[in-house]
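Engineer: How does the following fold in three dimensions:
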Amino acid sequence: MEKIISELKEKQNIRNNLSSLRALIKDEAQLSILKSMVGNEDTLWLSFLKNEDAKTRKNAALLLGDLAYQGAIDALWEAYQSEDTLFVREAYLTALYHLDMQSKLAALHEREDELGREDILPENRKHMEEELRAIRKILIRYEGISHHEFRIGEKKQEIILVTNRIHREVVRRTLGDESATLHPLGVKVCTNQITKLFRIRCFKEILFEIKTKSLLPAEPKEAARILMEGNFLPLLRELHLGDGAFYFRIECKSSMGLEERSQFAKKLAANLERLSEGGLVNSSGDYEVELRLVGNKDGRFYPVLKCYTLKDNRFTYRKNTIAASILPSTAALIMELAKPYLKKDAQIMDPFCGVGTMLIERNAAVPAKEIYATDIFGEAIEKGRINAEYAKLGIHFIHRDFFDFKHDYLFDEIITNMPTRGKKTKEEMDRFYGRFFEKALEILKKEAVIVLYTNEIGFVKKQLRLNKELSLLQETLMQEKNDFYLLIIGVKR
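Structural biologist: You can find the predicted model right below:
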């Protein structure tokens, strides 16, 4: 860093040195060192904004943004207003995004209006669109966006209830609609009773099908054209009350590399903004809807719509999670599958409770009488107590190792998401499962059941062979990729 700064002071190789310095400060320690030096050398850094070389001005602006140097705001704003080279203008705005721009918002709105009125030549389109996006990003940071209200109408909509491919039939059965069909993403249903669908807990989310004449190619201009010729924008207007632009993001699920996927989404978003003539605004930070593109083996995309304006209140109790937390929809699906074995007003125990999701979903499926939960991770226990409070459910959370747990009476059920192997050896996991079943039999009643979600089915099967008091009542594959199973085990004494 010292060599780079020394050369910059001598005005040597300025463009490349600024670029090298930006690369260097990706390291947080180097960034802190440079930040401590900026104020003492502000004349040096600000002078580069007036350099005759356009790329040098661009690198200088971006560097000042990286440093979040508030002392540069006036110089950056002045440089932005006087800049004639279009590809540099967006760099000033990118830098200004990191500074306090409250006093410049009115001027940014004026420039936004100007860009909307200007006739854009094909050769200038890319850079002017980038400038407009950068302006909107700053404005959204301070003003947010104007959200539309989801319209609960009479017209039927084609909806996809997203779920695990293996268990689409479970969701369809729970739905109770004979017209519902299986879909690659879950279950497809045509209904005008959208909010009633949230009575079902075992699907992950709701998506709306976007009608297009064909699947989308991995070419952004053509993909945007097909979307806009389809019902993408009309569907958004049909589903919402209110005027104004829709703020959206793109989620691309495909086998593309991360950088390729990112560039495709960025270019597609820009083309959608242009073709919609202001009806769509790309915003990665604050948005109302998500255009989700699901790739197939041929490299083409199936488009669906996720509306964040449609409120899903099924799992609002889940204010807190930890890294190992199970998805609430997965926990609900487990309980739906296990329901024939769950007893009303049962006394239940979760030995590895995490933040309590399994227990809360167990009680939602079949109400319990007494619920106990242990975990060695104190943070999980505290977060679980908060979640249970929001769920209005009394759970006795105990910060203790399950193997040290004692209780005055026996339990009807153990329900748990078993800990994953992590850094444990095969031998350690074998002993762990042995101890688990030994302790389970110590605290369970006759005719009790154990409901396990695990990806270590081999260790469970070994314990079933060794212990005649245990019998496998149900075995259900939950996730093919990671070999997660739902195992329901009966206790016979």
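Engineer: In the stretch 301-450 of the chain, mark out all the strands, start to finish.
Structural biologist: Here the stretch 301-450 of the chain has its strands, by DSSP state E, counting those that start in this stretch, at 301-307, 347-350, 370-375, 396-399, 411-417, 444-454.
Engineer: Using a markdown table, lay out those together with distance to R22.
Structural biologist: Using the backbone N, CA and C atoms, a C-beta is placed for each residue, glycine as well. Formatted as a markdown table, the strands of the stretch 301-450 of the chain follow (distance: least, Cβ to Cβ, whole Å):
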| stretch | distance to R22 |
| --- | --- |
| strand 301-307 | 34 |
| strand 347-350 | 50 |
| strand 370-375 | 45 |
| strand 396-399 | 47 |
| strand 411-417 | 44 |
| strand 444-454 | 47 |
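Engineer: so which strand or helix has the closest residue in space to R261 that isn't next to it in sequence?
Structural biologist: Nearest in space to R261, with sequence neighbours left out and distances taken as Cβ to Cβ, 6 or more residues apart in numbering, is C252 at 4.9 Å. Using DSSP states H and E, C252 maps to strand 246-253.
Engineer: Mind listing the strands that strand pairs with, and their directions?
Structural biologist: With DSSP bridges as the test, strand 246-253 is paired with strand 280-282 (parallel), strand 289-295 (parallel).
Engineer: thinking in terms of the whole chain, how far from its middle is the last one?
Structural biologist: Just to be clear, that refers to strand 289-295. How far strand 289-295 lies from its chain's middle: 13 Å, per Cα atoms, centre = their mean, to the nearest Å.
Engineer: Pull stretch 159-178 out as PDB, backbone CA atoms only.
Structural biologist: Taking Å, rounded to 0.1, in the frame of the first residue of the first chain, the C-alpha atoms of stretch 159-178 are listed here in PDB:
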ATOM      1  CA  ILE A 159     -51.300 -20.700  -8.100                       C
ATOM      2  CA  ILE A 160     -48.400 -23.100  -7.200                       C
ATOM      3  CA  LEU A 161     -48.000 -24.300  -3.700                       C
ATOM      4  CA  VAL A 162     -44.200 -24.900  -3.500                       C
ATOM      5  CA  THR A 163     -43.200 -28.100  -1.700                       C
ATOM      6  CA  ASN A 164     -40.800 -31.000  -1.700                       C
ATOM      7  CA  ARG A 165     -41.200 -33.000  -4.900                       C
ATOM      8  CA  ILE A 166     -41.500 -36.200  -3.000                       C
ATOM      9  CA  HIS A 167     -44.400 -35.000  -0.900                       C
ATOM     10  CA  ARG A 168     -46.500 -33.100  -3.400                       C
ATOM     11  CA  GLU A 169     -49.300 -35.600  -2.900                       C
ATOM     12  CA  VAL A 170     -49.400 -34.900   0.800                       C
ATOM     13  CA  VAL A 171     -50.000 -31.200   0.100                       C
ATOM     14  CA  ARG A 172     -52.700 -32.000  -2.500                       C
ATOM     15  CA  ARG A 173     -54.400 -34.400  -0.100                       C
ATOM     16  CA  THR A 174     -54.400 -31.700   2.600                       C
ATOM     17  CA  LEU A 175     -55.700 -29.200   0.200                       C
ATOM     18  CA  GLY A 176     -58.800 -31.300  -0.400                       C
ATOM     19  CA  ASP A 177     -59.300 -29.900  -4.000                       C
ATOM     20  CA  GLU A 178     -59.800 -32.600  -6.600                       C
END
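Engineer: Return the set of buried residues in it.
Structural biologist: 159-164, 167-168, 170-172, 174-175 (16 or more other Cβ atoms under 10 Å).
Engineer: Now do that stretch, average pLDDT.
Structural biologist: Across stretch 159-178, the average pLDDT comes to 93.
Engineer: Flag every buried residue along stretch 54-70.
Structural biologist: In stretch 54-70, counting by 16+ other Cβ under 10 Å, buried: 54-67, 69.
Engineer: now stretch 472-490
Structural biologist: Neighbour counts using 16+ other Cβ under 10 Å place 474, 476, 478, 484-489 of stretch 472-490 among the buried residues.
Engineer: Mind putting the residues you listed into a markdown table with secondary structure, pLDDT and distance to K211?
Structural biologist: Below are the buried residues of stretch 472-490 laid out as a markdown table (DSSP: H, G, I helix; E, B strand; the rest coil; pLDDT from 0 to 100; distance: Cβ to Cβ, whole Å):
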| residue | secondary structure | pLDDT | distance to K211 |
| --- | --- | --- | --- |
| Q474 | strand | 97 | 40 |
| T476 | strand | 97 | 35 |
| M478 | strand | 95 | 33 |
| F484 | strand | 96 | 35 |
| Y485 | strand | 97 | 38 |
| L486 | strand | 98 | 37 |
| L487 | strand | 98 | 42 |
| I488 | strand | 98 | 42 |
| I489 | strand | 98 | 47 |
